[in-house]
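Engineer: Need coordinates for the following:
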Amino acid sequence: MDNNKRLISAYLIAPLVPSILIVFFDGIFSHENERHLSTVIMILFSLPLSYVFCLIGGWFVIYLLKCINYLYIWSLVASGFLLGAVAWYLIGYLLAYLFGYTKEILPATHEIMGGGVLGVTVALPFGLIAGIPWYRKQKN
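Structural biologist: Residues are numbered from 1 along each chain as shown. Just a heads-up that it's a prediction; the model follows:
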């Protein structure tokens with residue numbers, strides 16, 4: 001498969017991974033029917049946002065890493081963690097504002113870690129599907 005097809009496949013498939021994990025873990029850890037409704041709502045909410053942040057933020061990250069000649073899986077995953085943490089915080093801040101709640105300006109640790117993990121669950125499959133190398137090959 002050529003690079004453009006792999007990149008398009010990565011943009012189409014990788015944003016699905018967080019929603020798939022939400023369904024998987026909800027099925028394992030949930031025993032109440034009410035939780036399944038909240039999972040459906042989370043999926044309907046997370047899918048469009050995952051694609052938006054992957055297309056806009058992910059494109060910018062890929063472009064930036066290519067420009068500085070640092071596009072590798074590990075740098076993409078680290079960038080995905082940061083992008084996921086920022087996206088999670090911004091979404092939480094926007095929702096708090098829309099529903100009239102107050103939210104601290106500085107994010108809590110669980111917001112950073114939760115968003116970061118979601119960012120990694122998009123960035124790692126993206127890099128693997130797109131065929132991004134793990135490290136720089138040494139020139140002899």
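Engineer: Check the burial of S46 by counting its neighbours.
Structural biologist: S46 sits with 17 neighbouring residues when counted by other CB atoms under 10 Å. Using the backbone N, CA and C atoms, a C-beta is placed for each residue, glycine as well.
Engineer: now the helices for the protein?
Structural biologist: With helices called from DSSP state H, the chain shows them at 3-13, 17-29, 33-53, 59-67, 73-98, 109-130.
Engineer: quick one, which of these is packed in tightest?
Structural biologist: helix 109-130 (a mean of 20; mean count of other CB atoms under 10 Å).
Engineer: Pull the residues that contact that one.
Structural biologist: Residues from elsewhere that reach helix 109-130, judged by CB atoms under 8 Å, 6 or more residues apart in numbering: 3, 6-7, 9-11, 13-15, 17-18, 21, 50, 53-54, 58, 73, 76-77, 79-89, 92, 132.
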